[in-house]
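Q: Sequence unavailable; structure follows:
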């Protein structure tokens, strides 16, 4: 269920109004939910890796476990470690503890780059970018849709024009 960007009088018009403006109507494409994938001839060397997002946390090297995560900066994590040491002192609970950088999960979730969707991730195998345009290849998975396989060719990603959407379990009457 979606909120349309403009008023319509038929289901066909509703589908037409959701189609991405930048995607040619007759262009080959595959769709999964709100995302459209147009095959391209782009080569991997023409695309850039998307910057990995990180969060800071504490890691216990002796136990090889994460103690605490989700600090926004290294300085916040260092303050968290100092507070922990101040509370516990240097003992078996703090020995081997260090500030560590962890990759943020979900960086292969398309909704992150398009501010789209209902919160269920459209997770892709590979994602790259060029001049702010997102390209993907491999599989695209989502809990409410059939998995699609885009293969080895890079596909440009488009998102539909819905104002907002609601999942099957959303607050809908």
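A: Right, received. Where do you want to start? Because the structure is a prediction, the values reported are computed rather than measured.
Q: State the distance spanning the first to the last residue of stretch 13-26.
A: Using C-alpha to C-alpha, to the nearest Å, the end-to-end distance of stretch 13-26 comes out at 17 Å.
Q: Quick one: residues contacting the most centrally placed residue in the chain.
A: Centroid check for the chain by C-alpha atoms, centre = their mean gives residue 109 as the closest residue, at 2.3 Å. By C-beta atoms under 8 Å, 6 or more residues apart in numbering, the residues touching residue 109 are 121, 122, 123. Glycine gets a C-beta too; all of them are placed from N, C-alpha and C.
Q: and what of residue 142?
A: 32, 33, 120, 121, 122, 123.
Q: Which single one of the contacts of residue 109 is nearest to residue 2?
A: residue 122 (15.1 Å; C-beta to C-beta).
Q: buried ones in the top helix by length along the chain?
A: Assignment by DSSP state H gives helix 74-88 as the longest helix of the chain. By neighbour count with 16 or more other C-beta atoms under 10 Å, helix 74-88 contains the buried residues 77, 80, 81, 84.
Q: Could you check how far it is from the centre of its chain?
A: Centroid separation for helix 74-88 versus its chain: 30 Å, with C-alpha atoms, centre = their mean, to the nearest Å.
Q: In terms of secondary structure, what does that helix contact?
A: On a contact count with 3 or more C-beta pairs under 8 Å, 6 or more residues apart in numbering; DSSP states H and E, helix 74-88 meets strand 54-60, strand 65-71, strand 97-103.
Q: closest to residue 136 out of those?
A: Shortest distance between residue 136 and the helices and strands packed on helix 74-88, using C-beta to C-beta, is found for strand 97-103: 18.4 Å.
Q: can you give me the strands for the protein?
A: For the chain, strands defined by DSSP state E occupy the ranges 2-3, 30-32, 35-39, 48-49, 54-60, 65-71, 97-103, 123-130, 133-142, 145-149, 155-159, 164-165.
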